[in-house]
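[1] have a look; sequence and predicted model below, questions after that.
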Protein chains: 2
Amino acid sequence: MEIGLCLSFCNKRWKNPQALADFVDSLGIRLVQFSWDLVNPWWEEEIRDELAKEYAKAFRHRQIEITVSFSGMAAYAYSSLLSGDERVRKMGMNYLKRAVDMTAAMGIPALGTPTGCMESLEGTQEIRCEFPNAGRGKVMQRLADELIFLSRYASEKGLKQLYLEPTPVQTEIPCTALEAKTLMERLSGKTQIPVGLVLDWGHVLCPSLNGEPADMNYWLSVCKGYVGACHIQQCDGKMDRHWGFVHQGIVTPEMIRSVLENPDAPGIIHYLEYCPAFETPGDEVINVIRDSVKYLQSI
Amino acid sequence: MEIGLCLSFCNKRWKNPQALADFVDSLGIRLVQFSWDLVNPWWEEEIRDELAKEYAKAFRHRQIEITVSFSGMAAYAYSSLLSGDERVRKMGMNYLKRAVDMTAAMGIPALGTPTGCMESLEGTQEIRCEFPNAGRGKVMQRLADELIFLSRYASEKGLKQLYLEPTPVQTEIPCTALEAKTLMERLSGKTQIPVGLVLDWGHVLCPSLNGEPADMNYWLSVCKGYVGACHIQQCDGKMDRHWGFVHQGIVTPEMIRSVLENPDAPGIIHYLEYCPAFETPGDEVINVIRDSVKYLQSI
């Protein structure tokens, strides 16, 4: 299979565009997702875009395509578009607009991100829900409105596609296949450029939050027509592990083949998203990436 | 023992100042470390400081002291002051200055953070070291100069203390007790306000990177006079786990008592730093915090 690569593994490590592009090239990888953990959208525009363009140029020089610019660990800390606080949502939107600007400067056609998180807490009394009367549906509608606005801005800047990533976290939207489908339908035809989904194997295989099957083919069927790419990781079906394929886990070659052959999702590229612990030695990270890519390419 | 609390457990969850302060109050906690994952120093100043002050006010109202404002997950993604790229270092310094501004607006007297990371990679050929001729000592000297500059800015804004946090990561400085001591000595007497250390139990107990004992009392002796506080977590001595004290690990009550009685470090407060996975259910996080705090308070 053709495997793409998320640059998540670079965190706390390698931020040298040429050396990184050389390494990716040596793996036989031709498709890459850029990460905002390499260049922060909040940085001063001139320096930010200069740094970001150095990555774009280095990869392009080696005929490696950066297909999408994706949010990373730093972005994930904040409530962003799902906050119950208007001021925090505004900061989330400002951030995403800056990410659009950086993506456009790099000449990347698409941007992807989870949507944020709610400051709610079902099932406990100690810290109260931020949306006592709002309900999840209302939050989703507000989110849809924000995304419609963002799509307009992204279109103006020349982007062609936005992607959202469902997570296995109850305070995030979407966190189930049905919720993902509902949100996609709500956006369909209303956004200036298409909004699709990036599904993550480890997220999908986590214990379901609504009783749906924790099964990639189920998600692909429910979200048919909306899935643009997948993040692939080894995992245990219990937590969102982001292991490499040197680790014992439940993602088997048969499972992967059945997804590649799924007629609901033809031609979808799977991008390896390995997230080592910060303290994992650099050469171990290199070896895990090499072995995982080779393993997946052989399927 | 008196236990403090890092607000790291709030990530992707609770960002309601009143509810959070109520919860912390209910634990009998009087000392808290604020996290930049709650309010991002990069946000628009007016909104940022308004949000930050709401936390300060809510905690103050319940007689809970925020002793230090500490960087979190989002900050940790970037190379900051240790980057080999002057432009990235500049962004790191701008960020820290913004964090100083926010800390000052909250009326918190101290700021703490790890220093960043180098884009080097010893032991592998694939991605080259960013500092082929610089050497670690030169990088440390440049770091010291940056910290002297930051201390001046922090002093002007009314802060009284800066803290650095050693990590068990080879591309970061300091990552060993001897390196921490060397950096402290290099800064001593040169900074406008004192620069001290916050030691993390899980970092110290990770396999040593230079053959020193992975032992908290050893670190406290070597860094005598510089350690202002500790982050406490349960861990296994293999990785930087940030488990709560409901998990099997190597940090025993005897070990904790021996540190509390260490004459090299009298009166140091230990702040529980529990970092749950994002997908851990909210009520489980609440229970782990409650049980861990109770356990530590009973020692």
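    Now that the structure is in, tell me what you want to look at.

[2] any regions of chain A where pLDDT drops low?
    A:120-134 (pLDDT under 70).

[3] how about the strands of it, start to end?
    A:3-6, A:31-35, A:65-70, A:110-113, A:161-164, A:195-200, A:227-232, A:269-272 (DSSP state E).

[4] which one of those strands lies nearest to residue B:217?
    strand A:31-35 (39.6 Å; Cβ to Cβ). Yep, even glycine has a C-beta here, placed from its N, CA and C like the rest.

[5] partners of the closest one in the sheet?
    strand A:3-6 (parallel), strand A:65-70 (parallel) (DSSP bridges).

[6] got a markdown table for the ones you listed, with mean neighbour count too?
    A markdown table is the format used below for these (neighbours: other Cβ atoms under 10 Å in any protein chain shown):
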| stretch | mean neighbour count |
| --- | --- |
| strand A:3-6 | 24 |
| strand A:65-70 | 24 |
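
[7] distance to residue B:197 added to the ones you listed, as CSV?
    Listed next are these as CSV, based on distance: least, Cβ to Cβ, whole Å:
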stretch, distance to residue B:197
strand A:3-6, 34
strand A:65-70, 35
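
[8] quick one, which of these is nearest to residue B:255?
    Taking the strands paired with strand A:31-35 one by one with Cβ to Cβ, strand A:3-6 is closest: 38.9 Å.

[9] list of residues touching the closest one?
    A:24, A:27, A:29-33, A:35, A:67, A:70, A:229, A:231-232, A:269-274, A:289, A:293, A:296-297 (Cβ atoms under 8 Å, 6 or more residues apart in numbering or on different chains).

[10] same question for stretch A:240-247.
    Contact with stretch A:240-247 is made by A:8, A:167-168, A:200, A:202-203, A:206, A:233-235, A:249, A:251, A:272-276, A:287-289, A:291-292, A:295-296, B:277-279, as judged by Cβ under 8 Å, 6+ apart.

[11] weed out the non-buried ones from these.
    Listed as buried from the contacts of stretch A:240-247 are A:8, A:167-168, A:200, A:202-203, A:206, A:233-235, A:249, A:251, A:272-276, A:288-289, A:292, A:295-296, B:278-279; burial here means 16 or more other Cβ atoms under 10 Å in any protein chain shown.

[12] the helices in chain A, which residues?
    Remark: helices assigned in chain A by DSSP state H are A:17-26, A:45-61, A:73-76, A:86-106, A:135-156, A:177-187, A:201-204, A:216-222, A:253-260, A:282-297.

[13] how many neighbours does residue A:162 have?
    25 (other Cβ atoms under 10 Å in any protein chain shown).

[14] which residues touch the nearest residue to it once chain neighbours are set aside?
    Nearest residue to residue A:162, sequence neighbours excluded (Cβ to Cβ, 6 or more residues apart in numbering or on different chains): residue A:195, at 4.6 Å. Neighbouring residues of residue A:195 by Cβ under 8 Å, 6+ apart: A:147, A:151, A:161, A:162, A:163, A:164, A:184, A:187.

[15] that older thread, now render the helices of chain A as TSV, adding distance to chain B.
    Listed next are these as TSV, based on distance: least, Cβ to the nearest Cβ, whole Å:
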stretch	distance to chain B
helix A:17-26	4
helix A:45-61	5
helix A:73-76	4
helix A:86-106	5
helix A:135-156	15
helix A:177-187	15
helix A:201-204	9
helix A:216-222	16
helix A:253-260	21
helix A:282-297	4
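
[16] wait, which of the ones you listed is closest to residue B:39?
    helix A:86-106 (8.8 Å).

[17] tell me which other helices or strands the closest one touches.
    When contacts are defined as 3 or more Cβ pairs under 8 Å, 6 or more residues apart in numbering or on different chains; DSSP states H and E, helix A:86-106 packs onto helix A:45-61, strand A:65-70, strand A:110-113, helix A:135-156, helix B:45-61.

[18] got CSV for those, with distance to residue B:2 too?
    Below are these laid out as CSV (distance: least, Cβ to Cβ, whole Å):
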stretch, distance to residue B:2
helix A:45-61, 43
strand A:65-70, 43
strand A:110-113, 41
helix A:135-156, 40
helix B:45-61, 16
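
[19] most neighbours out of the contacts of residue A:195, which is it?
    residue A:162 (25 neighbours).

[20] that residue touches residue A:192, doesn't it?
    No. Judged on Cβ atoms under 8 Å, residue A:162 makes no contact with residue A:192 at a distance of 9.5 Å.

[21] residues in contact with residue A:158?
    Neighbouring residues of residue A:158 by Cβ under 8 Å, 6+ apart: residue A:104.

[22] so how far is residue B:174 from it?
    45 Å (Cβ to Cβ, to the nearest Å).

[23] what is in contact with residue A:162 and residue A:192 at once?
    Common contact partners of residue A:162 and residue A:192 (Cβ under 8 Å, 6+ apart): A:151, A:154.

[24] quick check: the residue nearest to residue A:162 vs residue A:185, distance?
    11 Å.

[25] what's stretch A:83-93 in contact with?
    A:78-82, A:116-120, A:130-131, A:134, A:139, A:146, A:149-150, B:15, B:40, B:43-44, B:47-48, B:50-51.

[26] now, of those, which are buried?
    Buried members of the contacts of stretch A:83-93, counted by 16+ other Cβ under 10 Å: A:78-82, A:116-120, A:130, A:139, A:146, A:149-150, B:15, B:40, B:43, B:47-48, B:51.

[27] what about residue A:190, neighbour count?
    12.
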